[in-house]
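Colleague: Sequence and predicted model, in that order:
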Amino acid sequence: MPVTKFDIEEKYKYQNGFDSYFETEAVPNALPTAQNSPQKPPLGLYAEKLSGTAFTAPRHENKQSWLYRILPACSHPPFTAAQAPNESLGLGPEPFRRLHHIPNQLRWDPFDHDNSGSSGAESGGAHDFVSGLHLLAGAGDPAMKQGLAMYSYAAGKSMGEREAFYSADGDLLVVPQEGALDVRTEMGWLLVRPMEICVIPRGVRYQVRLIKADNGTEQPARGYALELFQGRFALPELGPIGSNGLANARDFQAPVAHFDDFDYGTTASDGPNEYRITGKFNNTLHTTTQRHTPFDVVAWHGNYYPYKYDLGRFNTIGSISFDHPDPSIFTVLSAPSDHPGTAVADFVIFPPRWLVGEDTFRPPWYHRNTMSEFMGLIRGGYDAKKGGKGGFVPGGASLHNVMSGHGPDVESYEGARNAELKPAKVGEGSCAFMFESCLMVGVTDWGLKTCQKVQAEYSDHSWGGVKVHWKGGKE
Ligand SMILES: O=C(O)Cc1cc(O)ccc1O
Ligand SMILES: [Fe+2]
């Protein structure tokens, strides 16, 4: 392998801030001064604009970046519709048309890792991050830039060194549950471990690698992802909380520019090697092979970029008097709809926290919600549900759709009803999360049947035995 100019420390340098205007250059003076598109950009680079919003979007919403690269992204042979690596990715608009909208509470045992491949030292699985994405549920339509998709992923091998993926359908929020993802993007590298998340915006090309264990095998990765067809994740308003709290802007990290300084021909079409680019376009994968690396961005500036966040940095806030607050206090990122306060997708976490509420039922209350609630567990347990076999366990998930009643299972309810209310730390070593959406989501065939993880007894075991405490109107 040719040596790049980038050593390992450089690779994981980040720029800190949310929704910031960043600039970064891997080679000094690669960014033009005081203009974006000079007649001849510095160092023989091409200037390329990447638009995340309409050119004319209002300033506070406008997202664009300028990339200074060795060859422009347009230099590639035509894309052709790819052979489906697996149906589950939601290939073709068809799985989206076949969504099952059902009012039942659903819970899944942990989804399988990808152990479908050879057991060779180099590759533990047949699927990489892209072919290992399983469409679980969704709403809307990427062609209309409306709605979202929810995935679980299981990757047993890295994407090829000469492969890149992008989605024209939406921004992808990735929540690793097991196994770190070494994400190489056009705009630089992001190392995303369990208990961290990343967001890769629409259009940005990237390659997901797994981390090698000491014995040389790649560590399989499993997790969850949400693709946002409309709008953009933002930090939630803080209202009376004030100017700091929840996820703080400075804890979001964006990559620094990094590029490959080798493998070029004299034109875009005569480089020594082929690079496979896969694009997701209206839920269909398309591929092309080009003879130059997509990882050739020497410098960039702008506010449209991928980023990561360490969930351990979340500043959790809760009640210090009584009653269980709405889970909106745990919102990390929120993608608003056109209606203020109503999110197409909220990303909410349940981190370790002190509960001190007096005369309070401390776990979540029983409820029915006009929003849909998809939950996953990164590690540990969740205070409203039992763990263990057949329970809510790391790597599993649940879906409580629009107006589907849910709340603590009978054991959690009785435990909390009778608990001594001294200050207690809940969730030590745990982190559950929720994708909450104003949209009713439908579940795919894969999610309902093919994955074979649906817990048939979930509802009955959780709530069938809920006790009658009513004593005919007497205490
Ligand atoms: O249903 C759930 O477990 C998620 C949830 C948590 C909470 O603290 C309040 C409401 C809510 O929907
Ligand atoms: Fe809920």
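Modeller: That came through, no problem. Ligands and ions are numbered 1, 2, ... in the order given.
Colleague: Burial check on Leu421, number of neighbours?
Modeller: Counted with other CB atoms under 10 Å, the neighbours of Leu421 add up to 15. The way it works is simple: take the backbone N, C-alpha and C, and place the C-beta from them, glycine included.
Colleague: hey, where'd the helices end up in the stretch 51-200 of the chain?
Modeller: Using DSSP state H, counting those that start in this stretch, the helices of the stretch 51-200 of the chain run over residues 94-97.
Colleague: List the buried residues in stretch 249-259.
Modeller: Under the neighbour-count criterion of 16 or more other CB atoms under 10 Å, stretch 249-259 has Asp251, Phe252, Gln253, Ala254, Pro255, Val256, Ala257, His258, Phe259 buried.
Colleague: How about the contacts made by the nearest residue to the fifth one once chain neighbours are set aside?
Modeller: On the basis of CB to CB, 6 or more residues apart in numbering, the spatially nearest residue to Pro255 that is not a chain neighbour turns out to be Gly188, at 2.7 Å. Contacts were defined as CB atoms under 8 Å, 6 or more residues apart in numbering; by that measure Gly188 touches Thr24, Ala254, Pro255, Val256, Ala257, His258.
Colleague: still on that earlier bit, from the buried residues of stretch 249-259, which land in strands?
Modeller: Judged by DSSP state E, strands contain the following of the buried residues of stretch 249-259: Phe252, Gln253, Ala254, Pro255.
Colleague: Verify the stated contact: the third one with Gly302.
Modeller: Spelled out, that is Ala254. No: between Ala254 and Gly302 there is no contact under CB atoms under 8 Å: 10.3 Å.
Colleague: So for these two, which residues contact both of them?
Modeller: In terms of CB under 8 Å, 6+ apart, Ala254 and Gly302 are both contacted by the residues Phe22.
Colleague: Give me the contact list for the helix or strand encompassing Ser412.
Modeller: In the assignment (DSSP states H and E), Ser412 maps to helix 410-418. Residues outside helix 410-418 that contact it (CB under 8 Å, 6+ apart) are 361-363, 383-386, 407-408, 462-467.
Colleague: Against Val204, how distant is the residue nearest to Pro255?
Modeller: 11 Å (CB to CB, to the nearest Å).
Colleague: likewise Ser20?
Modeller: Relative to Val204, and taking CB to CB, Ser20 is found at 16 Å.
Colleague: Compare the two and say which is more crowded by neighbours.
Modeller: Neighbours per residue (other CB under 10 Å) separate Ser20 from Val204, with Val204 holding more: 23 against 15.
Colleague: Show the contacting residues for the more buried one.
Modeller: Leu50, Tyr166, Thr185, Glu186, Met187, Tyr305, Pro306.
Colleague: just these now: which is nearest ligand 1?
Modeller: Pro306 (28.1 Å; CB to the nearest ligand atom).
Colleague: ok, that closest one - how many residues close by?
Modeller: 24.
Colleague: got a list of what it touches?
Modeller: By CB under 8 Å, 6+ apart, the residues touching Pro306 are Val183, Thr185, Met187, Leu190, Cys198, Val199, Ile200, Pro201, Val204, Tyr206, Ala254, Pro255.
Colleague: Ligand 1 contacts on the stretch 301-450 of the chain?
Modeller: Taking CB under 6 Å from any ligand atom as the contact definition, the stretch 301-450 of the chain meets ligand 1 at His324, Pro327, Pro364, His367, Glu373, Ala384, His400, His406, Met434.
Colleague: And the third one, how far from Asp326?
Modeller: Pro364 is 10 Å from Asp326, where distance means CB to CB.
Colleague: Looking at those two, which one has more neighbours?
Modeller: It is Pro364, of Pro364 and Asp326, that has more neighbours when counted by other CB under 10 Å, with 19 against 11.
Colleague: tell me the contacts of the closest residue in space to that one that isn't next to it in sequence?
Modeller: Closest residue to Pro364 apart from its sequence neighbours, by CB to CB, 6+ apart: Ala384 at 4.8 Å. Counting by CB under 8 Å, 6+ apart, Ala384 makes contact with Pro363, Pro364, Gly407, Pro408, Asp409, Ser412.
Colleague: Also Gly271?
Modeller: Asp263, Tyr264, Gly265, Arg291, His292, Thr293.
Colleague: do Ala254 as well
Modeller: Here Ala254 is in contact with Tyr14, Gln15, Asn16, Gly17, Ser20, Phe22, Met187, Gly188, Tyr305, Pro306, Tyr307 (CB under 8 Å, 6+ apart).
Colleague: Okay, now the unreliable bits of this protein?
Modeller: 1-9, 83-88, 90, 92, 117-123 (pLDDT under 70).
Colleague: returning to what we had before: out of the contacts of Pro306, who's the most crowded?
Modeller: Met187 (30 neighbours).
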